[in-house]
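Engineer: no sequence on hand, only this structure:
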């Protein structure tokens, strides 16, 4: 009996002693780690906020009635899962390289350097036209067919370098479709660029791009000659190639009435600030949000009312003395 009592009073085993000793140590370490993280977390959050996900701005004439846009996005996410894709539009008028160039020109100033624009308006897909990556002097990248889409951006921002897409490692699949380069070439290349891959590996350098034959507005002693280049979506306003500076050279002030000849038809209207400055269904001349002279009917389609289908010539005479 005495021996049993002695065994019960024996000291803890070495393993038990180690466990009893380690628990305070562990708790101290946990507390210290939490204390350090309380200081580190704001710094980590700031670092994350300062490094947004890579961005691809995606534009096509595919429309949204089938799976084409989704397939292209799936390819991009497969290469760069943390990618952020901004849809510029997928409703570019079918085959209209001019409209694609215009939308690209309008959007690019609002995105930072490093943004990748993937543009698929490609009426000659599968032909001898080149697929290219273009870097502008603003530090933005453009992945697109070499068919004139870059014309307006090139004139404003300048081009730093051009490379043809020839490296199969940057494409999808062993067999490239002859009719869906948006999925098989442009989308994967855009994702590789956004991920930070070395863009010089995409293919050889190209000296110059194909350009659209865009006619600038001209001002002479008689007045200003320009062109209706597009319509403002469902509203039917006329989009022109007439910059505000050129129009103001004619001497008009807001409130003046202006006689404008559009597609051979003379229309008189006031030069005003916005649509509600004239009665409903009345014409107006205004400077649009892109800084161009534009023509509209208040809450009605100018294009439908006057049967205007771009392109059409415009003539605005100088203001009479």
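Structural biologist: Noted; the coordinates are in hand. Predicted model, so just to flag it, every value in this text is computed and none were measured. Numbers count the residues shown, from 1 in each chain.

Engineer: element containing the spatially most central residue of the chain, please.
Structural biologist: Nearest residue to the geometric centre of the chain (CA atoms, centre = their mean): residue 57, 3.8 Å. Per DSSP states H and E, residue 57 falls inside strand 55-60.

Engineer: following that strand, which helix or strand comes up?
Structural biologist: Counting by DSSP H and E, the element after strand 55-60 in chain order, helix or strand, is helix 68-79.

Engineer: next SSE after that next one?
Structural biologist: Counting by DSSP H and E, what follows helix 68-79 is strand 84-89.

Engineer: name the SS class of residue 209, please.
Structural biologist: Judged by DSSP: H, G, I helix; E, B strand; the rest coil, the three-state class of residue 209 is coil.

Engineer: could you give me the buried positions within the one helix or strand residue 163 maps to?
Structural biologist: Secondary structure from DSSP H and E places residue 163 in strand 159-164. Neighbour-count burial for strand 159-164, counted by 16 or more other CB atoms under 10 Å, picks out 159, 162, 163. The C-beta positions use only the backbone N, C-alpha and C, and glycine is treated the same way.

Engineer: longest strand in this protein, by residue count?
Structural biologist: strand 223-231 (DSSP state E).

Engineer: list the contacts of it.
Structural biologist: 98-99, 102, 215, 217-219, 237-242, 246-247, 249-250, 262-263, 293, 303, 308, 310-318 (CB atoms under 8 Å, 6 or more residues apart in numbering).

Engineer: repeat for stretch 57-76
Structural biologist: 56, 83, 85-96, 100, 103-104, 107, 111, 115-121, 172, 180, 182-183, 186-188, 190-191, 194.

Engineer: what of stretch 277-286?
Structural biologist: Under CB under 8 Å, 6+ apart, the answer for stretch 277-286 is 258, 260, 267-275, 293-300, 302.

Engineer: which among the residues you listed end up buried?
Structural biologist: 258, 260, 267, 269-272, 275, 293-298, 302.

Engineer: mind listing what the helix or strand that comes right after the longest strand of the chain pairs with, with the direction of each?
Structural biologist: Under the assignment DSSP H and E, the closest C-terminal helix or strand after strand 223-231 is strand 238-243. The strands that strand 238-243 pairs with in its sheet are strand 223-231 (antiparallel), strand 292-297 (antiparallel) (by DSSP bridges).

Engineer: residues of the following helix or strand past strand 238-243 that come out buried?
Structural biologist: On the C-terminal side of strand 238-243, the nearest following helix or strand under DSSP H and E is helix 244-248. By neighbour count with 16+ other CB under 10 Å, helix 244-248 contains the buried residues 246, 247.

Engineer: give me the domain ranges for the protein.
Structural biologist: 2-50, 55-202, 218-317 (automatic domain parsing).

Engineer: among the ones you listed, which is the most enclosed?
Structural biologist: The highest average neighbour count among the domains of the chain, using mean count of other CB atoms under 10 Å, belongs to domain 55-202 at a mean of 18.

Engineer: what's the first-to-last distance across it?
Structural biologist: 19 Å (CA to CA, to the nearest Å).

Engineer: if we can go back for a sec, tell me which other helices or strands the strand holding residue 163 touches.
Structural biologist: strand 131-136 (3 or more CB pairs under 8 Å, 6 or more residues apart in numbering; DSSP states H and E).

Engineer: what is the strand it packs on packed up against?
Structural biologist: By 3+ CB pairs under 8 Å, 6+ apart, strand 131-136 packs against strand 141-145, helix 151-157, strand 159-164, helix 187-195.

Engineer: after the third one, heading C-terminal, what element do we hit next?
Structural biologist: Spelled out, it's strand 159-164. Taking DSSP H and E, what comes next after strand 159-164 is helix 181.

Engineer: and the helices and strands packed on strand 131-136 as CSV, adding mean pLDDT and distance to residue 68?
Structural biologist: Shown next, in CSV, are the helices and strands packed on strand 131-136 (pLDDT from 0 to 100; distance: least, CB to CB, whole Å):
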stretch, mean pLDDT, distance to residue 68
strand 141-145, 98, 16
helix 151-157, 97, 24
strand 159-164, 98, 24
helix 187-195, 98, 10
